[in-house]
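okay, here's the prediction I keep looking at, along with the sequence it came from:
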Amino acid sequence: MDGRYESSENLRNKCAACYRQFNKMEHLVEHMRISFHSNHEPVCGICQKHCRSFESLREHLIGPLPKAECERVFKERGCDLCLTIFSNRYSVQLHREKCQFSRGNNGLIYRMANLGIQDELRIDNTRAKTVSLACKMVGGGTDGSLDLCARVCLTDEYEKIIFQTYVKPHLQVTNYRYETTGIRPEYLRDAMPLRQVQRKIQDYLCNGEPIWQIRNRGGKARILIGHGLDHDLKCLEMEYPEILIRDTAKYPPLMKTSKLSNSLKYLTKAYLGYDIQTGIQEPYEDCVATMRLYIRMRAQAHKVEDYPMASDPQNRNNFASRRQSELERMSPQKMLEISRSDYFCWCLDKK
């Protein structure tokens, strides 16, 4: 419906973020209570509509049923990777050169990494505070379906390998999955035992801080980046505080509209512009992709708030039931201003 012909009552009951309309103001209040709209959501650069994820924003711009005006403008001067809108086509071309990544010359790094253990793990405060982890699994059990960690890689923000080694699993390997792992039996014969790998990685991540004392993001412990880290940490028989984990498989802006995870292969192609995991898969390549995705998400420019999370004590009563009458008298824009995110936005790691 054209905004010029919307009644003032409809406008009053229209969400200022996602533009949904409600028959009654009390319904809009309930919507705001459970939607957790905030300035950390992906926003259309044309109509300013808030979307729950970048996939939702992509559908809004160029999906099967896009908004016509937004689609037209986006096709003229929008970046299909980061979904940013620019003032003209020339600006888009200049931006695209920086926005588009490539696999680069990683083949040499892979071959060198295969020669043996690379270990630059040091407990100190001068090295990167953010590291990326990836593992490759072989199969165990009678049918080879049990995932066993056989290779692990850790990189820093500059895509330099900090630690990489083959891993000797506790259990017998019954399927080396060579077509995707490139791992042969001789690679694991004298490999580093799983317990030793686990201890080295955990000590490096905690950086001298006892794991049970890690309570916030401001300590010495490092931020851990990865894709499907729950699975990788389980196979490494490791635990790490959730507050320091940045998982591209579980980050709401990078998930599907169905709230399911996207594959790392898809995320890399859609948001970085190149292909990975073709043929034999390298953990280093996965580390680089997850770190690049994290840095791109962290670089988002969002309004700075003292208390950005809905779970912060200062925000817990923003939409309390006892404030129902007060909330119904607010404008939709005012409700959006007091609404907060229900997830930790990675842009907050810049603080």
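Yep, that arrived. Residues are numbered from 1 along each chain as shown.

excluding residues flanking it in the chain, which one is nearest P252?
The shortest distance from P252 to any non-neighbouring residue, by C-beta to C-beta, 6 or more residues apart in numbering, is to Y343 (5.0 Å). For glycine as for every other residue, the C-beta is placed from the backbone atoms N, C-alpha and C.

next one: the one you found from S261, what distance?
Separation of Y343 from S261 (C-beta to C-beta, to the nearest Å): 14 Å.

dump the strand or helix carrying V167 to PDB, keeping only the CA atoms.
Using DSSP states H and E, V167 sits in strand 161-168. Provided in PDB are the C-alpha atoms of strand 161-168 (Å, rounded to 0.1, in the frame of the first residue of the first chain):
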ATOM      1  CA  ILE A 161      49.100 -20.100  10.700                       C
ATOM      2  CA  ILE A 162      49.700 -20.200  14.500                       C
ATOM      3  CA  PHE A 163      49.300 -23.900  14.900                       C
ATOM      4  CA  GLN A 164      48.700 -26.800  12.500                       C
ATOM      5  CA  THR A 165      49.200 -30.500  13.000                       C
ATOM      6  CA  TYR A 166      47.800 -33.900  12.300                       C
ATOM      7  CA  VAL A 167      46.200 -35.500  15.300                       C
ATOM      8  CA  LYS A 168      46.300 -39.100  16.500                       C
END
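
and T142, how many residues sit next to it?
Residues lying near T142 (other C-beta atoms under 10 Å) number 7.

what of G228?
Applying other C-beta under 10 Å, I find that G228 has 19 neighbouring residues.

A249 is in contact with that one, correct?
Yes: counting by C-beta atoms under 8 Å, G228 touches A249, with 4.7 Å between them.

now the common contact residues for those two.
Both G228 and A249 are in contact with S261, L264, where contact means C-beta atoms under 8 Å, 6 or more residues apart in numbering.

got a pLDDT number for A128?
Predicted confidence (pLDDT) for A128: 70.

now do the contacts for it.
A128 neighbours (C-beta under 8 Å, 6+ apart): D156, E157, Y158, R222.

any of the residues you listed buried? List them.
For these, a neighbour count by 16 or more other C-beta atoms under 10 Å gives the buried set as D156, E157, R222.

just the closest of those residues to K67, please.
Nearest to K67, judged by C-beta to C-beta, of the buried ones among the contacts of A128 is E157 at 36.8 Å.

okay, L267 and E328: tell me how far apart.
Counting by C-beta to C-beta, the gap from L267 to E328 is 41 Å.

same question for L146.
Here L146 is placed at a distance of 56 Å from E328 (C-beta to C-beta).

those two: who's more crowded?
Neighbours were tallied for L146 and for E328 using other C-beta under 10 Å; the higher tally belongs to L146 (17 against 13).

burial measure for the nearest residue in space to the more buried one that is not next to it in sequence, as a count.
Leaving aside its sequence neighbours, L146 sits nearest to G140 (C-beta to C-beta, 6+ apart; 4.0 Å). Per other C-beta under 10 Å, the neighbour tally for G140 reads 19.

can you pull the contacts of G140?
So G140 contacts L146, D147, L148, P169, L171, Q172, V173, T174, N175 (C-beta under 8 Å, 6+ apart).

as a markdown table, those residues with secondary structure would be great.
Compiled in a markdown table, those are given as follows (DSSP: H, G, I helix; E, B strand; the rest coil):
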| residue | secondary structure |
| --- | --- |
| L146 | strand |
| D147 | strand |
| L148 | strand |
| P169 | coil |
| L171 | coil |
| Q172 | coil |
| V173 | strand |
| T174 | strand |
| N175 | strand |
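
V92: which of these is nearest?
Using C-beta to C-beta, the contacts of G140 come closest to V92 at D147, 42.4 Å.

ok, now how distant is that closest one from R184?
18 Å.
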